[in-house]
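Q: my questions concern the predicted model and sequence given below.
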2 protein chains.
Amino acid sequence: MNNRPIGVFDSGLGGLTVVKEIKKILPNEKIVYLGDTARVPYGTRSKETIIKFAIEDVNFLLKKNVKCIVIACNSVSSVAVPTLKKQFKVPIIDVITPTCEFIAKNKNIKKVGIIGTSATVKSNTYKNTINKLNKKIKVFQNEAPLLVPLVEEGENKSSFTYQIVQKYLKPLIDKNVDMLILGCTHYPVLLPIFRKILGNKIEIIDPARCVSKYLKKYLKEKNLLNDGKISFVDFFAVTDLTDGFLKQLKIFFGKYKKNNLVKISLTK
Amino acid sequence: MNNRPIGVFDSGLGGLTVVKEIKKILPNEKIVYLGDTARVPYGTRSKETIIKFAIEDVNFLLKKNVKCIVIACNSVSSVAVPTLKKQFKVPIIDVITPTCEFIAKNKNIKKVGIIGTSATVKSNTYKNTINKLNKKIKVFQNEAPLLVPLVEEGENKSSFTYQIVQKYLKPLIDKNVDMLILGCTHYPVLLPIFRKILGNKIEIIDPARCVSKYLKKYLKEKNLLNDGKISFVDFFAVTDLTDGFLKQLKIFFGKYKKNNLVKISLTK
């Protein structure tokens, strides 16, 4: 057993969807969350810059004495994992590997569609990881760079958001995909729109669920689960205290107390 | 006469519209431009964070031996000018003051509309500055947070961009404004859409023009104009080398040479 917290980080508020899934299946675990809201979004930046930011994120979480780190950000998971695993000894679980393992095992899947940020799609990490495990699955990708700002601005019910999602999904629908991976932690907020456009025949995969299940299995195997005997409060750190983050935090975790949310600086 | 360069900075590529206007009326001046593309956008961040970033931007330009600094970013101009003027001796010209002075002098204007980022609108800097100079002008504002990402993604001709602009302008049109200020340096890229929605009766003001004219007058009065006797090349620095910046730089300044563009770090 190990009662130290689990560190989770993301570029902004999107990673809260991952925290929500983790809390569902691991309610005894204490979470330390870092959202780099002063530098969100990551997905439009260069690989070099994303790696630099990710190293700073991990260093912050290590100071919080975490027992393992979950990268809730698809863009970081796409381009920074080899560097992070080389540089740090702490167990690091990215959001992409468990999702690809889940998909590769499914024998009914022939064509998978992925939408994500520019960084995630350009890296080809989803495509390469799936095909390493199962060569038979055809993978199609499309960049969806405007969805993060639309979610951050709360436009999840606007007609133009519907049109923009439609634009991004069209090339994947045209390929007759069996399944769509929401390759960015912001996208589950738009699930009703995805469902409406895709209908019931195309399965929608939220990587937050895959990574949570993987995390539970990992902690169990390594005997790192919290014994549930101590009380604790989760801890949220952000690099900028924005209205959007506060709003989302309240929607997801209504009961959070103000003193568990702090603004921190990653540089200097 | 003074042959040192003029420093211009912005959160990202939007400030290039200001550089373009400056070069039009001051072709002899050498420009050192800083675009903080690793942390764009500024307009959705807190006041405190914008001030921190702006201080780092000014410090970089000072190392380049600039004779004065133009803040091409409306969000910085809205919230950071008093702090910057207190902390630095270099002459600092913001993009808002010259625009408000130009408007306040116009006796035909009764109602002015402004669209800008959240930071710009929430600060009320345009409104307060105009009304300090001319109490009779009524000022109406609306936040337009999605326009920066739409411009950065090159969606300036998409039908959903038209709908989003329409949504942001409607409350101002309903107030029967005589004039609209494009309170963000990204917005001039969407001028054809603004013109189509507003028709010919509502004048559109691009602050880049106002600040360029003000800069020329200022340099002349202080005897700081370049004598035009030395040849030079402009210098562009960015904190992240993104496809969007390179594309925009080429559109605006086709002739730029690769070695005038460098990637720099503002932290550490």
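A: In hand now; what should we look at? Residues are numbered from 1 along each chain as shown, chains lettered A, B, ... in the order given.
Q: all contacts plus neighbour counts: C-alpha atoms, from now on.
A: Noted.
Q: let's see the pLDDT reported for the nearest residue to A:Lys138 once chain neighbours are set aside.
A: For A:Lys138, ignoring the flanking residues on the chain, the nearest one in space by Cα to Cα, 6 or more residues apart in numbering or on different chains is A:Lys111 at 4.7 Å. The predicted structure scores A:Lys111 at 97 on the pLDDT scale.
Q: count of neighbours near A:Lys111?
A: Using other Cα atoms under 10 Å in any protein chain shown, A:Lys111 has 17 other residues around it.
Q: equivalent analysis for A:Ile114, please.
A: Using other Cα under 10 Å, A:Ile114 has 25 neighbouring residues.
Q: ok, now which ones touch it?
A: Under the criterion of Cα atoms under 8 Å, 6 or more residues apart in numbering or on different chains, the contact partners of A:Ile114 comprise A:139-142, A:172, A:180-183.
Q: do the same with A:Asn176
A: Contacts were defined as Cα under 8 Å, 6+ apart; by that measure A:Asn176 touches A:Lys111.
Q: looking at this, A:Ala237 is in a helix?
A: No: with DSSP: H, G, I helix; E, B strand; the rest coil as the criterion, A:Ala237 is located in strand rather than a helix.
Q: what about it, how many residues nearby?
A: Around A:Ala237 there are 21 other residues, counting by other Cα under 10 Å.
Q: the host helix or strand of A:Val151 close to chain B?
A: When secondary structure is defined by DSSP states H and E, A:Val151 falls within helix A:147-152. Yes: on the criterion Cα under 8 Å from any Cα of the partner chain, helix A:147-152 is in touch with chain B at A:149-150.
Q: pull the distance from that helix to the chain's centre.
A: Centroid displacement of helix A:147-152 relative to its chain, using Cα atoms, centre = their mean, to the nearest Å, is 14 Å.
Q: residues in contact with the helix or strand following that helix?
A: Proceeding N to C from helix A:147-152, the next assigned helix or strand is helix A:159-174, under DSSP H and E. With contact meaning Cα under 8 Å, 6+ apart, helix A:159-174 is reached by A:113-115, A:140-144, A:146-147, A:150, A:155, A:193-194, A:197-198, B:160, B:163-164.
Q: go again using 7 Å as the cut-off
A: With Cα atoms under 7 Å, 6 or more residues apart in numbering or on different chains as the test, helix A:159-174 has contacts from A:113, A:140, A:142, A:144, A:155, A:193, A:197, B:160, B:163.
Q: re the thing from before, of the contacts of A:Ile114, just say which sits nearest to A:Gly7.
A: For A:Gly7, the closest of those turns out to be A:Gly183, at 20.6 Å, with distances computed as Cα to Cα.
Q: got the residues of the stretch 51-200 of chain A near chain B?
A: Remark: the part of the stretch 51-200 of chain A in contact with chain B comprises A:146, A:149, A:160, A:163, using Cα under 7 Å from any Cα of the partner chain.
Q: how about JSON lines for the residues you listed, with distance to A:Lys52, pLDDT and neighbour count added?
A: Listed next are those as JSON lines, based on distance: Cα to Cα, whole Å; pLDDT from 0 to 100; neighbours: other Cα atoms under 10 Å in any protein chain shown:
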{"residue": "A:Leu146", "distance to A:Lys52": "23", "pLDDT": "94", "neighbour count": "19"}
{"residue": "A:Pro149", "distance to A:Lys52": "22", "pLDDT": "88", "neighbour count": "19"}
{"residue": "A:Phe160", "distance to A:Lys52": "34", "pLDDT": "97", "neighbour count": "18"}
{"residue": "A:Gln163", "distance to A:Lys52": "35", "pLDDT": "97", "neighbour count": "15"}
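Q: report the buried residues of stretch A:190-203.
A: Within stretch A:190-203, the residues that count as buried by 16 or more other Cα atoms under 10 Å in any protein chain shown are A:190, A:193-194, A:197-198, A:202-203.
Q: pick out whichever of those sits closest to chain B.
A: Chain B has its nearest neighbour among the buried residues of stretch A:190-203 in A:Ile193, at 15.7 Å by Cα to the nearest Cα.
Q: my reading is that the closest one is in a helix; is that accurate?
A: Yes: in this structure, A:Ile193 lies within a helix as judged by three-state DSSP.
Q: circling back to that earlier point, and the buried residues of stretch A:190-203, which two are the farthest apart?
A: Pairwise distances across these (Cα to Cα) peak at 15.6 Å, for the pair A:Leu190 and A:Ile202.
Q: any idea of the angle the helix or strand hosting A:Leu182 forms with helix A:159-174?
A: If you go by DSSP H and E, A:Leu182 is part of strand A:179-183. Put simply, strand A:179-183 runs at 130 degrees to helix A:159-174, going by axes from the mean of the first three to the mean of the last three Cα atoms, to 10 degrees.
Q: what lines up beside strand A:179-183 in the sheet?
A: Here the strand partners of strand A:179-183, with direction, are listed using DSSP bridges: strand A:111-116 (parallel), strand A:203-205 (parallel).
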